[in-house]
Every structure is written in C-alpha cells, then in structure tokens.
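Enquirer: my questions concern the predicted model and sequence given below.
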Amino acid sequence: MLERLNQALDHLETCLDREIDMAEVARIAAVSEYHFRRLFSALAGMPLPVYVRRRRMTLAGADVLAGELTLLDVAVRYGYGSGEAFARAFRSVHGIGPGEARRTGAVLTAQPRMSFRVVVEGSTAMRYRIVEKESFRVVGRKARVPLVHEGLNAAAAAHLASLDEQAIVRMKSLADREPEGILSAVVHLTDSREEGAEVDYWIGAVTGPETATEAATEELDALDVPAGTWAVFDNRGPYPSALQELWRDVFTQWFPSNPYTSRPGPELLRTQPVEVGAETGSQLWIPVERGSGG
C-alpha cells in the first residue's frame, strides 16, 4: 500500500501548477478520497491541503526569486486568481510577502517532497478483530476538545470530571450492547489529525437506535451511528501513552499493512481511567471498510 501512496504523491507533484483532482490522486492510491486524506494526515503529521499549499509555495518561492515572471504570473501558475490571495498564502509559508522577498532576496522556507517508507521499530503484533455491527446510538454528553498526541488531554479530562453522578448512572442503565459500559467517542470534524485540531469528544454508552426520546428527557445528547464494519483493537499499557501510541500505530502501521480503509464515523474507546502512568486495559473501535485495492 505504501508503494501506491507514493505513486499518488508523485502524481500530486505533477499537478501543483494546476487544479488537483484529489479523487484521481486517491484512485492511484487505491483508496477512497476520505481515507487518503485521513491516512496522509496520520502519516505526515499535517493535513493534505497544508502540504499542498507548502509545496506550491516552495515552488512559487523559487519562481519569485528567479524574477523571470511577474508576481501575478506566478500567482496564476499556482492556482491563485488574485495577487492578494497569493500573497497571503506566500506569507503564511515564508513569513514574508512575495514582493518583499523578490526585492530583498530573502531566505525562504522549503517544504521537501514527501514519500513514505517502512521503518521497522519493533516486532510487537497488533491484535484485532473485525466486527459487523448494526446501527446504534451513543447516548451521553459531548464537548469540543483539541487533539493531544502526547500526555494527558486536559480538556477531555475536564469534560469527564464535569459529569454528574446522575448522568453517569443514566448512561450505565442505557448501555445494552457492545462495546459495553461507559466509553468515549471521538468524532473528527475535519481530515486533520494535527495536534490541536478540534474534535467532538463524547462520554456515553452504546444503546439501540430507538433510544432517543427517553434519553433526551434526561438531558443527554444522542449520536446516531449507521451500520458498518469496525476493526477492534485490544490494548494494555500505561495511561494515556499506550492509547495514544495505539491510535498512531493503527493509522501508520495497521492500515498500510491491511486491506481495509477508514470510513466516516466515531472512533470508540472503552477504557478504565486510572492515574497517569498506571497500567490499564483498553479496547479501541475504528470504523473501516474493505479497501478496493484488496
């Protein structure tokens, strides 16, 4: 799969001076456009649009300094309809406007071409199972929090601490199917998995799709989840580092090595909260579908 991803990036590179058909890029990678964006973000540590902008501005920077084209011609070459829009994008990458860069011969910032390769860092096997699940509902409380890749997520911890005992008891009474008990659910609002990207973070329980009105009367939120396929990973290790490493490894190791792609849906985590650094067992549910590339 990594070979197909690199072929897709090679194709993307040839399109930097025109409009990029991301559906075609994803087709070369043999995955859906949604999965390609998610996978790229996880592997690269930045959203795909940010990488494209940085690469375009890297090439545009060389054209600006060369002085052979007008600034407007450079802007048009890289898909900007106005000099103002081009100048904003240029400044966001280089920290200086294109006109000033040309006048002063400024030092610019380059985004190298990216490619992916396998680096063997260990021999730990990832244990998983594939589950076909009917539609269900997550009933609980949600908050918007930033992603945190290392260490405790203070906003998520504060949301958990804010729940009153009555809400917890109500959630437990509604939990009637797998994954059992109180869990968390992460709903990504964009394709980005960058540190600080905002997500909807749920604390709740999984119940039947018909449980709506009753839950609403108890002042709980409800998230409807359609039927689909899930990859379920069991994990044990220090909290929360083992969980954060598992999430990372699923997208950077498991997906590139298996014939599945991610699909839209909440990522579910059932774990027993403990003190930071203490060992705990967890179960992570990721929505997936069989990849077209087999």
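Expert: In hand now; what should we look at?

Enquirer: point out where the stretch 1-150 of the chain drops to low pLDDT.
Expert: 117-126 (pLDDT under 70).

Enquirer: show me where it has strands.
Expert: For the stretch 1-150 of the chain, the strands defined by DSSP state E, counting those that start in this stretch cover 128-133, 136-146.

Enquirer: nearest the middle, which residue of this structure would you pick?
Expert: Arg193 (3.4 Å; CA atoms, centre = their mean).

Enquirer: my guess is that residue meets Arg38, correct?
Expert: Yes. Here Arg193 reaches Arg38: they are 7.2 Å apart, a contact under CB atoms under 8 Å. C-beta coordinates here come from the backbone N, C-alpha and C atoms, glycine included.

Enquirer: joint contacts of the two?
Expert: Common contact partners of Arg193 and Arg38 (CB atoms under 8 Å, 6 or more residues apart in numbering): Phe251.

Enquirer: tell me what the longest helix seen in the chain is packed against?
Expert: In the chain, taking DSSP state H as the definition, the longest helix is helix 48-66. Contact partners of helix 48-66 among helices and strands, from 3 or more CB pairs under 8 Å, 6 or more residues apart in numbering; DSSP states H and E: helix 33-44, helix 71-77, helix 83-94, helix 98-104.

Enquirer: and it with helix 83-94, angle?
Expert: Angle between the axes of helix 48-66 and helix 83-94 is 100 degrees (criterion: axes from the mean of the first three to the mean of the last three CA atoms, to 10 degrees).

Enquirer: that older thread, closest to Gly61 out of the helices and strands packed on helix 48-66?
Expert: helix 83-94 (6.1 Å; CB to CB).

Enquirer: that closest one: which residues count as buried?
Expert: By 16 or more other CB atoms under 10 Å, the buried positions in helix 83-94 come out as Gly83, Phe86, Ala87, Ala89, Phe90, Val93, His94.

Enquirer: related to what we said a few turns ago, tell me the contacts of the residue nearest to the centre of the chain?
Expert: By CB under 8 Å, 6+ apart, the contact list for Arg193 reads Arg38, Ser41, Ala42, Pro47, Leu147, Phe251.

Enquirer: so the last one lies in a helix, does it not?
Expert: By that I understand Phe251. Yes. The assignment for Phe251 is a helix, going by DSSP: H, G, I helix; E, B strand; the rest coil.

Enquirer: what is the burial count for the closest residue in space to it that isn't next to it in sequence?
Expert: Ranked by CB to CB, 6 or more residues apart in numbering and with sequence neighbours excluded, the top spatial neighbour of Phe251 is Ala42, at 3.4 Å. By the criterion of other CB atoms under 10 Å, Ala42 has 20 neighbours.
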